[in-house]
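*Asks:* no sequence for this one, just the structure:
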Ligand code: CP3
(Lines give C-alpha, C1' and ligand atoms only; values in the text may rest on other atoms or scores of the structure.)
Protein backbone atom coordinates (compact mmCIF):
# COMPACT_ATOMS: atom_id res chain seq x y z
CA UNK A 1 0.00 0.00 0.00
CA UNK A 2 3.03 2.31 0.41
CA UNK A 3 3.40 2.72 -3.34
CA UNK A 4 5.11 6.06 -3.69
CA UNK A 5 5.23 6.33 -7.46
CA UNK A 6 3.10 9.30 -8.35
CA UNK A 7 1.52 8.03 -11.51
CA UNK A 8 -1.76 8.85 -9.79
CA UNK A 9 -0.99 12.56 -9.66
CA UNK A 10 -3.28 14.54 -11.90
CA UNK A 11 -1.36 16.44 -14.54
CA UNK A 12 -3.19 19.66 -13.63
CA UNK A 13 -2.23 23.06 -14.93
CA UNK A 14 1.08 23.18 -13.09
CA UNK A 15 3.52 25.43 -14.90
CA UNK A 16 7.15 24.82 -14.21
CA UNK A 17 8.39 25.48 -10.67
CA UNK A 18 5.86 28.20 -9.83
CA UNK A 19 6.80 28.31 -6.15
CA UNK A 20 10.51 28.87 -6.73
CA UNK A 21 9.82 31.54 -9.34
CA UNK A 22 7.51 33.36 -6.94
CA UNK A 23 10.10 33.21 -4.17
CA UNK A 24 12.55 34.91 -6.51
CA UNK A 25 10.08 37.80 -6.82
CA UNK A 26 8.16 36.92 -9.99
CA UNK A 27 4.42 37.46 -10.19
CA UNK A 28 3.28 34.17 -11.70
CA UNK A 29 0.26 33.83 -14.04
CA UNK A 30 -1.51 32.13 -11.16
CA UNK A 31 -0.20 31.97 -7.62
CA UNK A 32 1.41 28.70 -6.54
CA UNK A 33 -0.35 27.07 -3.61
CA UNK A 34 0.19 24.63 -0.78
CA UNK A 35 -1.51 24.39 2.60
CA UNK A 36 0.00 24.23 6.06
CA UNK A 37 -0.78 20.78 7.52
CA UNK A 38 -1.84 19.60 4.08
CA UNK A 39 -1.03 16.07 5.20
CA UNK A 40 -3.00 15.15 8.29
CA UNK A 41 -6.03 13.79 10.04
CA UNK A 42 -8.64 15.34 7.71
CA UNK A 43 -7.50 12.78 5.07
CA UNK A 44 -8.81 9.21 5.48
CA UNK A 45 -5.68 7.80 3.81
CA UNK A 46 -3.55 9.63 6.42
CA UNK A 47 -5.57 8.13 9.28
CA UNK A 48 -5.02 4.69 7.78
CA UNK A 49 -1.24 5.06 7.67
CA UNK A 50 -1.25 6.74 11.10
CA UNK A 51 -3.05 3.71 12.58
CA UNK A 52 -0.30 1.37 11.28
CA UNK A 53 2.54 3.57 12.50
CA UNK A 54 2.17 3.20 16.26
CA UNK A 55 2.76 6.66 17.71
CA UNK A 56 2.91 9.99 15.91
CA UNK A 57 6.69 10.23 16.37
CA UNK A 58 7.06 6.75 14.86
CA UNK A 59 5.22 8.04 11.81
CA UNK A 60 7.69 10.94 11.55
CA UNK A 61 10.68 8.59 12.00
CA UNK A 62 9.68 5.85 9.54
CA UNK A 63 10.89 7.13 6.17
CA UNK A 64 8.54 4.94 4.10
CA UNK A 65 5.47 6.13 6.05
CA UNK A 66 6.58 9.79 6.26
CA UNK A 67 7.15 9.70 2.49
CA UNK A 68 3.75 8.20 1.82
CA UNK A 69 1.79 10.75 3.90
CA UNK A 70 3.78 13.66 2.44
CA UNK A 71 2.70 12.60 -1.05
CA UNK A 72 -0.98 11.96 -0.23
CA UNK A 73 -2.26 15.55 -0.61
CA UNK A 74 -0.16 16.07 -3.76
CA UNK A 75 -1.86 13.06 -5.38
CA UNK A 76 -5.31 14.33 -4.51
CA UNK A 77 -4.99 18.04 -5.17
CA UNK A 78 -1.87 18.78 -7.23
CA UNK A 79 -0.33 21.36 -4.92
CA UNK A 80 2.73 23.18 -6.23
CA UNK A 81 4.73 22.17 -3.17
CA UNK A 82 4.99 19.23 -0.82
CA UNK A 83 6.00 19.93 2.78
CA UNK A 84 8.04 17.25 4.47
CA UNK A 85 5.88 15.32 6.91
CA UNK A 86 7.60 15.77 10.23
CA UNK A 87 7.19 17.94 13.32
CA UNK A 88 8.95 20.87 14.98
CA UNK A 89 9.37 18.66 18.08
CA UNK A 90 11.66 16.26 16.20
CA UNK A 91 14.44 18.70 17.08
CA UNK A 92 14.16 18.39 20.88
CA UNK A 93 13.72 14.64 20.37
CA UNK A 94 16.95 14.54 18.35
CA UNK A 95 18.67 16.52 21.14
CA UNK A 96 17.82 13.71 23.53
CA UNK A 97 14.92 15.40 25.33
CA UNK A 98 12.07 12.98 26.05
CA UNK A 99 9.14 13.85 23.72
CA UNK A 100 5.89 11.96 23.40
CA UNK A 101 2.37 12.51 22.11
CA UNK A 102 -0.32 11.51 24.58
CA UNK A 103 -3.28 10.34 22.50
CA UNK A 104 -5.79 13.18 22.14
CA UNK A 105 -3.76 15.50 24.39
CA UNK A 106 -1.02 16.90 22.16
CA UNK A 107 2.71 16.93 22.81
CA UNK A 108 4.42 16.20 26.12
CA UNK A 109 8.09 16.71 26.97
CA UNK A 110 10.23 16.15 30.03
CA UNK A 111 10.66 19.90 30.75
CA UNK A 112 13.99 21.76 30.79
CA UNK A 113 13.98 24.77 33.10
CA UNK A 114 17.59 25.46 34.08
CA UNK A 115 21.25 25.10 33.14
CA UNK A 116 21.35 21.53 34.45
CA UNK A 117 18.58 20.67 31.98
CA UNK A 118 20.49 22.32 29.15
CA UNK A 119 23.61 20.38 30.08
CA UNK A 120 21.73 17.13 29.56
CA UNK A 121 20.97 17.95 25.91
CA UNK A 122 23.12 16.05 23.46
CA UNK A 123 23.92 18.27 20.46
CA UNK A 124 26.55 15.89 19.06
CA UNK A 125 24.11 13.16 17.97
CA UNK A 126 21.41 15.33 16.45
CA UNK A 127 21.94 14.32 12.83
CA UNK A 128 22.24 10.66 13.75
CA UNK A 129 18.93 10.73 15.66
CA UNK A 130 17.17 12.71 12.93
CA UNK A 131 18.63 10.62 10.07
CA UNK A 132 15.24 8.98 9.26
CA UNK A 133 13.89 12.49 8.55
CA UNK A 134 16.67 13.17 6.04
CA UNK A 135 16.10 9.76 4.47
CA UNK A 136 12.41 10.68 4.05
CA UNK A 137 13.46 13.93 2.34
CA UNK A 138 15.62 11.97 -0.16
CA UNK A 139 12.78 9.57 -0.90
CA UNK A 140 10.17 12.30 -1.26
CA UNK A 141 12.34 14.33 -3.64
CA UNK A 142 12.95 11.20 -5.73
CA UNK A 143 9.21 10.44 -5.90
CA UNK A 144 7.95 13.96 -6.63
CA UNK A 145 7.39 15.18 -10.18
CA UNK A 146 9.99 17.80 -11.05
CA UNK A 147 7.68 20.87 -10.99
CA UNK A 148 6.58 20.18 -7.41
CA UNK A 149 8.85 21.92 -4.90
CA UNK A 150 9.86 20.20 -1.66
CA UNK A 151 9.69 22.35 1.48
CA UNK A 152 11.66 21.44 4.61
CA UNK A 153 10.96 23.13 7.94
CA UNK A 154 11.73 23.70 11.58
CA UNK A 155 10.17 25.59 14.44
CA UNK A 156 11.75 28.89 15.36
CA UNK A 157 13.89 28.83 18.52
CA UNK A 158 11.29 30.71 20.60
CA UNK A 159 8.41 28.43 19.61
CA UNK A 160 10.42 25.24 20.11
CA UNK A 161 11.71 26.61 23.43
CA UNK A 162 8.14 27.09 24.69
CA UNK A 163 7.50 23.35 24.30
CA UNK A 164 10.89 22.37 25.71
CA UNK A 165 10.45 24.53 28.82
CA UNK A 166 6.70 24.15 29.45
CA UNK A 167 6.75 20.41 28.70
CA UNK A 168 3.48 20.79 26.73
CA UNK A 169 1.45 23.25 24.73
CA UNK A 170 0.60 26.37 26.70
CA UNK A 171 -1.47 29.56 26.71
CA UNK A 172 0.39 31.69 29.25
CA UNK A 173 3.98 30.42 28.82
CA UNK A 174 4.56 30.86 32.57
CA UNK A 175 7.78 28.86 32.68
CA UNK A 176 9.30 29.92 29.35
CA UNK A 177 8.59 33.63 29.83
CA UNK A 178 9.40 33.35 33.54
CA UNK A 179 12.85 32.02 32.67
CA UNK A 180 13.37 34.65 29.93
CA UNK A 181 12.50 37.57 32.27
CA UNK A 182 14.19 36.21 35.42
CA UNK A 183 17.41 34.96 33.82
CA UNK A 184 17.77 36.30 30.26
CA UNK A 185 21.40 35.18 30.01
CA UNK A 186 20.42 31.60 30.91
CA UNK A 187 17.44 31.59 28.53
CA UNK A 188 19.73 33.05 25.84
CA UNK A 189 21.88 29.89 26.12
CA UNK A 190 18.84 27.76 25.27
CA UNK A 191 17.95 30.05 22.34
CA UNK A 192 21.57 30.02 21.08
CA UNK A 193 21.63 26.24 21.27
CA UNK A 194 18.40 26.16 19.26
CA UNK A 195 19.78 28.58 16.65
CA UNK A 196 22.82 26.37 16.12
CA UNK A 197 20.91 23.08 16.01
CA UNK A 198 18.10 24.47 13.84
CA UNK A 199 20.74 25.46 11.27
CA UNK A 200 22.19 21.94 11.45
CA UNK A 201 18.75 20.36 11.05
CA UNK A 202 17.64 22.60 8.16
CA UNK A 203 21.00 22.32 6.43
CA UNK A 204 20.74 18.51 6.56
CA UNK A 205 17.22 18.71 5.07
CA UNK A 206 18.54 20.95 2.28
CA UNK A 207 21.44 18.59 1.53
CA UNK A 208 18.92 15.73 1.36
CA UNK A 209 16.76 17.57 -1.20
CA UNK A 210 14.63 20.29 0.44
CA UNK A 211 14.52 23.26 -1.95
CA UNK A 212 12.84 25.81 0.33
CA UNK A 213 12.63 25.93 4.12
CA UNK A 214 9.99 27.44 6.37
CA UNK A 215 10.49 28.57 9.97
CA UNK A 216 7.30 28.25 12.05
CA UNK A 217 7.16 30.82 14.84
CA UNK A 218 3.71 29.79 15.98
CA UNK A 219 3.93 31.57 19.34
CA UNK A 220 5.61 34.81 18.22
CA UNK A 221 2.37 36.58 19.15
CA UNK A 222 2.84 35.84 22.84
CA UNK A 223 5.90 38.09 23.08
CA UNK A 224 5.96 41.76 24.14
CA UNK A 225 7.80 44.04 21.67
CA UNK A 226 11.28 44.01 23.25
CA UNK A 227 11.05 40.25 23.77
CA UNK A 228 9.82 39.75 20.21
CA UNK A 229 12.95 41.54 19.00
CA UNK A 230 15.25 39.48 21.20
CA UNK A 231 13.67 36.01 21.11
CA UNK A 232 12.06 35.95 17.65
CA UNK A 233 13.70 38.46 15.28
CA UNK A 234 17.33 38.10 16.41
CA UNK A 235 17.47 34.27 16.41
CA UNK A 236 15.61 34.13 13.09
CA UNK A 237 18.12 36.57 11.61
CA UNK A 238 21.01 34.42 12.88
CA UNK A 239 19.47 31.29 11.31
CA UNK A 240 18.85 33.02 7.98
CA UNK A 241 22.44 34.36 7.89
CA UNK A 242 23.93 30.93 8.59
CA UNK A 243 21.72 29.24 5.99
CA UNK A 244 22.57 31.89 3.38
CA UNK A 245 26.27 31.21 4.00
CA UNK A 246 25.88 27.51 3.44
CA UNK A 247 23.06 27.41 0.88
CA UNK A 248 22.88 30.81 -0.84
CA UNK A 249 20.18 29.88 -3.34
CA UNK A 250 17.69 28.29 -0.93
CA UNK A 251 14.78 30.56 0.03
CA UNK A 252 13.65 30.84 3.64
CA UNK A 253 9.99 31.58 4.44
CA UNK A 254 9.28 32.99 7.91
CA UNK A 255 5.94 32.60 9.70
CA UNK A 256 5.74 34.90 12.75
CA UNK A 257 2.21 33.96 13.73
CA UNK A 258 0.35 36.60 15.72
CA UNK A 259 3.16 39.18 15.45
CA UNK A 260 0.69 41.96 14.57
CA UNK A 261 2.43 45.04 13.20
CA UNK A 262 5.69 43.47 14.45
CA UNK A 263 5.64 41.52 11.18
CA UNK A 264 7.03 44.64 9.47
CA UNK A 265 10.18 44.70 11.63
CA UNK A 266 10.40 40.93 11.21
CA UNK A 267 10.51 41.31 7.42
CA UNK A 268 12.99 44.20 7.55
CA UNK A 269 15.36 42.71 10.10
CA UNK A 270 15.45 38.91 9.71
CA UNK A 271 16.44 38.63 6.04
CA UNK A 272 13.72 36.06 5.27
CA UNK A 273 13.00 35.69 1.54
CA UNK A 274 9.23 35.58 2.06
CA UNK A 275 6.78 35.98 4.91
CA UNK A 276 3.73 33.89 5.75
CA UNK A 277 0.72 35.86 7.02
CA UNK A 278 -1.54 34.59 9.77
CA UNK A 279 -5.32 34.78 9.41
CA UNK A 280 -5.60 38.19 11.12
CA UNK A 281 -3.38 40.15 8.69
CA UNK A 282 -5.46 42.34 6.32
CA UNK A 283 -4.46 41.46 2.72
CA UNK A 284 -4.63 45.11 1.50
CA UNK A 285 -2.31 46.22 4.31
CA UNK A 286 0.08 43.34 3.55
CA UNK A 287 0.05 44.25 -0.15
CA UNK A 288 1.28 47.77 0.54
CA UNK A 289 3.39 47.31 3.69
CA UNK A 290 5.07 43.94 3.03
CA UNK A 291 4.71 42.74 -0.54
CA UNK A 292 6.82 45.60 -1.92
CA UNK A 293 9.74 44.12 0.05
CA UNK A 294 9.19 40.34 -0.07
CA UNK A 295 6.80 37.80 -1.56
CA UNK A 296 3.98 37.00 0.86
CA UNK A 297 2.18 33.74 1.63
CA UNK A 298 -1.23 33.17 3.14
CA UNK A 299 -3.71 33.64 4.63
CA UNK A 300 -7.11 32.00 4.19
CA UNK A 301 -8.87 31.30 7.47
CA UNK A 302 -8.70 27.50 7.95
CA UNK A 303 -12.31 27.70 9.16
CA UNK A 304 -13.44 29.12 5.79
CA UNK A 305 -12.08 25.87 4.37
CA UNK A 306 -14.23 23.93 6.85
CA UNK A 307 -17.27 26.00 5.82
CA UNK A 308 -16.77 25.54 2.04
CA UNK A 309 -19.22 26.84 -0.59
CA UNK A 310 -19.82 30.59 -0.96
CA UNK A 311 -17.98 31.51 2.23
CA UNK A 312 -14.86 29.75 0.98
CA UNK A 313 -15.15 31.21 -2.51
CA UNK A 314 -15.60 34.74 -1.21
CA UNK A 315 -12.74 34.55 1.28
CA UNK A 316 -10.32 32.98 -1.22
CA UNK A 317 -11.27 35.38 -4.04
CA UNK A 318 -10.73 38.38 -1.78
CA UNK A 319 -7.19 37.22 -0.97
CA UNK A 320 -6.39 36.25 -4.57
CA UNK A 321 -7.55 39.55 -6.03
CA UNK A 322 -5.63 41.63 -3.47
CA UNK A 323 -2.35 39.74 -3.10
CA UNK A 324 -2.33 37.99 -6.50
CA UNK A 325 -1.19 41.22 -8.18
CA UNK A 326 2.30 40.74 -6.75
CA UNK A 327 4.57 37.84 -5.78
CA UNK A 328 2.20 35.65 -3.79
CA UNK A 329 1.87 32.05 -2.54
CA UNK A 330 -1.66 30.98 -1.69
CA UNK A 331 -1.84 29.23 1.69
CA UNK A 332 -3.85 29.26 4.91
CA UNK A 333 -3.38 31.61 7.86
CA UNK A 334 -2.66 28.55 10.03
CA UNK A 335 -2.84 24.76 9.64
CA UNK A 336 -5.77 22.80 8.20
CA UNK A 337 -8.05 21.59 10.98
CA UNK A 338 -9.07 17.98 11.35
CA UNK A 339 -12.77 18.71 10.63
CA UNK A 340 -12.04 19.97 7.09
CA UNK A 341 -14.05 18.06 4.45
CA UNK A 342 -11.53 16.84 1.83
CA UNK A 343 -13.94 17.99 -0.96
CA UNK A 344 -13.53 21.57 0.20
CA UNK A 345 -9.79 21.37 -0.39
CA UNK A 346 -10.57 20.12 -3.91
CA UNK A 347 -12.91 23.12 -4.43
CA UNK A 348 -10.17 25.48 -3.33
CA UNK A 349 -7.58 23.80 -5.60
CA UNK A 350 -9.99 24.19 -8.54
CA UNK A 351 -10.57 27.84 -7.77
CA UNK A 352 -6.84 28.58 -7.67
CA UNK A 353 -6.09 26.60 -10.83
CA UNK A 354 -8.87 28.47 -12.65
CA UNK A 355 -7.92 31.84 -11.19
CA UNK A 356 -6.25 33.36 -14.29
CA UNK A 357 -9.46 32.91 -16.34
CA UNK A 358 -11.81 33.94 -13.48
CA UNK A 359 -9.74 37.04 -12.87
CA UNK A 360 -10.02 38.06 -16.48
CA UNK A 361 -13.79 38.25 -15.85
O1 LIG B 1 2.23 21.02 7.27
C2 LIG B 1 2.40 19.78 7.11
O3 LIG B 1 1.58 19.05 6.50
C4 LIG B 1 3.70 19.17 7.57
C5 LIG B 1 3.67 18.54 8.82
C6 LIG B 1 3.65 19.33 10.12
C7 LIG B 1 3.14 18.78 11.31
N8 LIG B 1 3.41 19.63 12.34
C9 LIG B 1 2.48 17.47 11.41
C10 LIG B 1 1.65 17.18 12.59
C11 LIG B 1 4.17 20.59 10.44
C12 LIG B 1 4.78 21.65 9.52
C13 LIG B 1 4.02 20.75 11.85
C14 LIG B 1 4.51 21.94 12.57
C15 LIG B 1 4.18 22.09 13.99
N16 LIG B 1 4.13 21.13 14.96
C17 LIG B 1 3.94 23.34 14.61
C18 LIG B 1 4.03 24.68 13.93
C19 LIG B 1 2.84 24.98 13.09
C20 LIG B 1 1.58 25.23 13.89
O21 LIG B 1 0.66 24.41 13.77
O22 LIG B 1 1.53 26.24 14.60
C23 LIG B 1 3.70 23.10 15.96
C24 LIG B 1 3.37 24.14 17.02
C25 LIG B 1 3.82 21.69 16.19
C26 LIG B 1 3.72 20.94 17.46
C27 LIG B 1 2.61 19.98 17.43
N28 LIG B 1 2.59 18.80 16.70
C29 LIG B 1 1.38 20.06 18.12
C30 LIG B 1 0.98 21.20 19.03
C31 LIG B 1 0.65 18.92 17.78
C32 LIG B 1 -0.67 18.50 18.36
C33 LIG B 1 -1.78 19.26 17.70
C34 LIG B 1 -2.72 18.31 17.05
O35 LIG B 1 -3.23 18.68 15.98
O36 LIG B 1 -2.95 17.25 17.61
C37 LIG B 1 1.41 18.17 16.86
C38 LIG B 1 1.00 16.91 16.21
C39 LIG B 1 0.97 16.90 14.72
N40 LIG B 1 1.95 17.41 13.92
C41 LIG B 1 -0.03 16.32 13.89
C42 LIG B 1 0.39 16.48 12.56
C43 LIG B 1 -0.29 15.99 11.32
C44 LIG B 1 -1.28 15.58 14.39
C45 LIG B 1 -0.79 14.27 14.90
C46 LIG B 1 -1.72 13.09 14.71
O47 LIG B 1 -1.83 12.55 13.60
O48 LIG B 1 -2.28 12.69 15.73
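*Replies:* Looks like it arrived, so ask away. Fair warning: this is a prediction, and the values are worked out from it, not measured in the lab.

*Asks:* does residue 82 sit in a helix, a strand or a coil?
*Replies:* Assigned by DSSP: H, G, I helix; E, B strand; the rest coil, the conformation of residue 82 is strand.

*Asks:* Show the contacting residues for it.
*Replies:* 34, 70-71, 73-74, 140, 144, 148-151 (CB atoms under 8 Å, 6 or more residues apart in numbering). C-betas here are computed from N, CA, C, even on glycine.

*Asks:* Which parts of the stretch 151-300 of the chain are strands?
*Replies:* Using DSSP state E, counting those that start in this stretch, the strands of the stretch 151-300 of the chain run over 212-217, 252-256, 274-276, 296-300.

*Asks:* Show me what the second one is packed up against.
*Replies:* In terms of contacts (3 or more CB pairs under 8 Å, 6 or more residues apart in numbering; DSSP states H and E), strand 252-256 is packed against strand 212-217, helix 234-246, helix 262-270, strand 274-276.

*Asks:* check whether it contacts the ligand.
*Replies:* No. Using CB under 6 Å from any ligand atom, strand 252-256 never reaches the ligand; the gap is at least 7.6 Å.

*Asks:* Look up the closest residue to residue 88, ignoring the ones flanking it.
*Replies:* residue 155 (3.1 Å; CB to CB, 6 or more residues apart in numbering).

*Asks:* Surely the one you found and residue 213 touch.
*Replies:* No. With contact defined as CB atoms under 8 Å, residue 155 does not count as touching residue 213 (11.7 Å).

*Asks:* how close does residue 113 get to residue 182?
*Replies:* 11 Å (CB to CB, to the nearest Å).

*Asks:* and the residue in the chain positioned nearest to the ligand, what does it touch?
*Replies:* Here the residue of the chain nearest the ligand is residue 218; by CB to the nearest ligand atom that distance is 3.2 Å. Shown in contact with residue 218 (CB under 8 Å, 6+ apart): 88, 155, 159, 255, 257.

*Asks:* quick one: which of those residues has the most company?
*Replies:* Ranked by neighbour count (other CB atoms under 10 Å), those have residue 255 at the top, with 29 neighbours.

*Asks:* Spatially nearest residue to that residue, not counting backbone neighbours?
*Replies:* Closest to residue 255 by CB to CB, 6+ apart is residue 276, at 3.8 Å.

*Asks:* give me the beta-bridge partners of the one you found?
*Replies:* When assigned by DSSP bridges, residue 276 has beta-bridge partners residue 297.

*Asks:* Correct me if wrong: it contacts residue 212.
*Replies:* No. With contact defined as CB under 8 Å, residue 276 does not reach residue 212; the gap is 11.6 Å.

*Asks:* can you give me the angle the longest helix along the chain makes with helix 234-246?
*Replies:* Longest helix of the chain, by residue count under DSSP state H: helix 184-208. Angle between the axes of helix 184-208 and helix 234-246 is 30 degrees (criterion: axes from the mean of the first three to the mean of the last three CA atoms, to 10 degrees).

*Asks:* check whether helix 184-208 contacts the ligand.
*Replies:* No. Using CB under 6 Å from any ligand atom, helix 184-208 never reaches the ligand; the gap is at least 12.0 Å.

*Asks:* Sort out which residues of that helix are buried, please.
*Replies:* By neighbour count with 16 or more other CB atoms under 10 Å, helix 184-208 contains the buried residues 187, 190-191, 193-206, 208.

*Asks:* Export the strands of the stretch 151-300 of the chain as a markdown table, with columns for mean pLDDT and distance to residue 237.
*Replies:* Putting the strands of the stretch 151-300 of the chain into a markdown table (pLDDT from 0 to 100; distance: least, CB to CB, whole Å) gives the following:
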| stretch | mean pLDDT | distance to residue 237 |
| --- | --- | --- |
| strand 212-217 | 98 | 11 |
| strand 252-256 | 98 | 10 |
| strand 274-276 | 99 | 13 |
| strand 296-300 | 98 | 19 |
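
*Asks:* Reformat those strands as JSON lines; add distance to residue 25.
*Replies:* Putting the strands of the stretch 151-300 of the chain into JSON lines (distance: least, CB to CB, whole Å) gives the following:
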{"stretch": "strand 212-217", "distance to residue 25": "14"}
{"stretch": "strand 252-256", "distance to residue 25": "14"}
{"stretch": "strand 274-276", "distance to residue 25": "9"}
{"stretch": "strand 296-300", "distance to residue 25": "12"}
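
*Asks:* Report pLDDT for residue 310.
*Replies:* The per-residue pLDDT reported for residue 310 equals 98.

*Asks:* Sorry, wrong one. I was asking about residue 170.
*Replies:* 96.

*Asks:* ok, now the one 10 residues further on?
*Replies:* If you check residue 180, the pLDDT there is 98.

*Asks:* what's the neighbour count on residue 247?
*Replies:* 17.

*Asks:* which one is residue 339 nearest to, not counting chain neighbours?
*Replies:* Going by CB to CB, 6+ apart, residue 339 has residue 306 as its nearest residue, at 5.5 Å.

*Asks:* so that neighbour sits right up against residue 338, yeah?
*Replies:* No. Applying CB under 8 Å, one finds residue 306 not in contact with residue 338, separated by 9.5 Å.

*Asks:* which one of these two has more residues nearby?
*Replies:* With neighbours defined as other CB under 10 Å, residue 306 and residue 338 compare such that residue 306 has more, 17 against 12.

*Asks:* OK, contacts around that one?
*Replies:* Neighbouring residues of residue 306 by CB under 8 Å, 6+ apart: 337, 339-341, 344.

*Asks:* Quick one, which of the residues you listed are buried?
*Replies:* Judged by 16+ other CB under 10 Å, buried ones among these: 340, 344.
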